[in-house]
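Peer 1: when you get a sec, could you give me coordinates for this:
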Amino acid sequence: MQEKIGEKSSAESVEESTVFFEDYLEFVTKHQKMKTGIGPEALQILLRELDLEDKLAQAQAKKKYEEIRFIRAFQRAKIQPE
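Peer 2: Predicted coordinates for the structure are as follows:
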C-alpha cells in the first residue's frame, strides 16, 4: 500500500512541475531581458542583427580561420543575412 502511495505522490509531483517550452521562453524573455525564439524566424532575426564587418574583425583578431572563411563566403556571394 505504501508503495502505491509513494508512486502516486511522485507521479503527481512530476505532473505539477511540468513546464512547457513556450512558457519558459516567454518567462525568460520577460524577466531576463533577453530575446528568445525557435525556428526559422529566430534565425532570421539573429542574422538580421549580425554585423559581418565587426564579426570579421573579431575573427581576424582571434585568428579563427574557419569563421573568417565563412564570413568572407557570405561577402563574396553578396548574401545579405536579412
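Peer 1: hey, where'd the helices end up in the protein?
Peer 2: When secondary structure is read from DSSP state H, the chain shows helices at 2-16, 21-31, 39-48, 52-62, 65-76.
Peer 1: now these as TSV including mean neighbour count?
Peer 2: Every C-beta, even on glycine, is put in place using the N, C-alpha and C of the backbone. Written out in TSV, the entries for the helices of the chain read as follows (neighbours: other Cβ atoms under 10 Å):
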stretch	mean neighbour count
helix 2-16	9
helix 21-31	11
helix 39-48	11
helix 52-62	13
helix 65-76	13
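Peer 1: redo these as CSV? Include mean pLDDT.
Peer 2: Shown next, in CSV, are the helices of the chain (pLDDT from 0 to 100):
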stretch, mean pLDDT
helix 2-16, 54
helix 21-31, 79
helix 39-48, 80
helix 52-62, 91
helix 65-76, 89
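Peer 1: quickly note the distance from the closest residue to Met34 other than its chain neighbours to Ile68.
Peer 2: Beyond its immediate neighbours in the sequence, the residue positioned closest to Met34 (Cβ to Cβ, 6 or more residues apart in numbering) is Val28, lying 5.9 Å away. Between Val28 and Ile68 the distance, using Cβ to Cβ, to the nearest Å, works out to 32 Å.
Peer 1: what's the answer for Phe20, then?
Peer 2: 40 Å.
Peer 1: can you check Ala59 too?
Peer 2: To Ile68, Ala59 is 5 Å away according to Cβ to Cβ.
Peer 1: touching both of those two, which residues are there?
Peer 2: Both Ala59 and Ile68 lack any common contacting residue under the criterion Cβ atoms under 8 Å, 6 or more residues apart in numbering.
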